[in-house]
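Peer 1: Curious how this folds, go ahead:
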Amino acid sequence: MKTIWKRFFALRFVLGLLLIAGILDTALSLWKPVERSTLFVKNDYEKIALSHNGNTTFDRAFYGNSVLISAYREDLSASGYANVGIAYGTMTDLAAMLEGNYLTVNENLVVMLNYFTLLDTMETDPTYPWHRGVLEPYCYFQRDRIQSFVMRTVDTVFLGYASNGLPRFSDFGRTICHGAMTDAELKERAAAHEKAYWRQDLSNYQENLKALEQVAAYCKTHGIRLRVVFAPWNDYIAMPEYPKAAMEAARAICEEQGIEVLDLTSAFPRDCFYDLGHFNYEYGAVRFTKEIDPWLSA
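Peer 2: Residues are numbered from 1 along each chain as shown. The predicted structure follows:
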């Protein structure tokens, strides 16, 4: 009998701990200290929210990856579109954002496509919230940034910098590019991309092409006007076979879905670019924003 009671109390103790852990995890998930506090490094999705007063609901949204971030200057645009580009953003990311209510678009959504937004093997940022598993605890999902915060705190205290306060990450600007690569640097970048990405055939683009169809279906269901921009490409290096084939596959989906496409693949000269696809902030982004604004406003 005593053994039974011991097991009963042990079970109650374990269940109690699990209940406390569940309540704590729920509280942390609602509070979101890592996402909200500037004590933690911010990902691009969090920067979008924090730079728009915590808002991720927009009447007009322009989505893409770092190429969009470098090209479209929201501060110079009169179109009213928010730049919701995220580093390493893919179409599967966008589908998850819309379907999981991480991004709400009321009226107009424009998507900038390049082959990276369609490449299934492209590694995305694992800290984006839609990558968190259903049963994954908050602290485990945020473990890398929490560990980094703890290590910085320890260093600050033990190195005698505590009087200056803990370091803050209050710059919500996403990464931009300045200047332009030299010929040698462009060739080196092209060689690296050729080895890492350009040999992958269309079988490596299927998930994101399907996600493009999912986004189109979502927009039709929710009454959102969807348009697509094919991102500019620096013609100093010819676009390779498989990236070009991926873009044509995306074009076919857009035609089938009745989505308007603005093809800017060859629309801008080399002096607008920092590298093969990113624009430079001081000239290329200014020109891109000025030229695309009338189309965005139409």
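Peer 1: Next, count neighbours for residue 151.
Peer 2: 10 (other CB atoms under 10 Å). C-betas here are computed from N, CA, C, even on glycine.
Peer 1: Please save the CA atoms from whatever helix or strand it lives in in PDB.
Peer 2: Element membership of residue 151, judged by DSSP states H and E, is helix 143-158. This file holds the C-alpha atoms of helix 143-158, laid out as PDB (Å, rounded to 0.1, in the frame of the first residue of the first chain):
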ATOM      1  CA  ARG A 143      17.600  28.800 -27.200                       C
ATOM      2  CA  ASP A 144      20.300  30.200 -29.400                       C
ATOM      3  CA  ARG A 145      19.300  33.900 -28.800                       C
ATOM      4  CA  ILE A 146      18.700  33.200 -25.100                       C
ATOM      5  CA  GLN A 147      22.200  31.600 -24.800                       C
ATOM      6  CA  SER A 148      23.800  34.500 -26.600                       C
ATOM      7  CA  PHE A 149      22.100  36.900 -24.200                       C
ATOM      8  CA  VAL A 150      23.200  35.000 -21.200                       C
ATOM      9  CA  MET A 151      26.800  34.900 -22.500                       C
ATOM     10  CA  ARG A 152      26.800  38.600 -23.200                       C
ATOM     11  CA  THR A 153      25.400  39.300 -19.700                       C
ATOM     12  CA  VAL A 154      28.100  37.200 -18.100                       C
ATOM     13  CA  ASP A 155      30.800  39.000 -20.100                       C
ATOM     14  CA  THR A 156      29.400  42.400 -19.300                       C
ATOM     15  CA  VAL A 157      29.400  41.700 -15.600                       C
ATOM     16  CA  PHE A 158      32.800  40.000 -15.300                       C
END
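Peer 1: Report the buried residues of it.
Peer 2: Residues 145, 146, 149, 152, 156 are the ones in helix 143-158 that count as buried (16 or more other CB atoms under 10 Å).
Peer 1: My guess is the first one contacts residue 42. True?
Peer 2: What that stands for is residue 145. No. Counting by CB atoms under 8 Å, residue 145 sits too far from residue 42 to count as a contact (9.2 Å).
Peer 1: ok but residue 262 is inside a strand, no?
Peer 2: Yes. When DSSP: H, G, I helix; E, B strand; the rest coil is applied, residue 262 is found to be in a strand.
Peer 1: Contact partners for the spatially most central residue of the chain?
Peer 2: Closest to where the C-alpha atoms of the chain average out (CA atoms, centre = their mean) is residue 86, at 2.7 Å. Contacts for residue 86 (CB atoms under 8 Å, 6 or more residues apart in numbering) come out as 43, 44, 45, 48, 65, 69, 93, 125, 128, 174.
Peer 1: what do you get if the cut-off is 6 Å, keeping everything else the same?
Peer 2: By CB atoms under 6 Å, 6 or more residues apart in numbering, residue 86 lies in contact with 44, 45.
Peer 1: Read off the pLDDT value for it.
Peer 2: pLDDT, residue 86: 98.
Peer 1: Next, it: phi, psi?
Peer 2: phi -130, psi 140 (degrees, to the nearest 10).
Peer 1: now the end-to-end length of stretch 136-150.
Peer 2: 21 Å (CA to CA, to the nearest Å).
Peer 1: And the strands in the stretch 1-150 of the chain?
Peer 2: All strands of the stretch 1-150 of the chain, identified by DSSP state E, counting those that start in this stretch, fall at 57-63, 82-83, 104-113.
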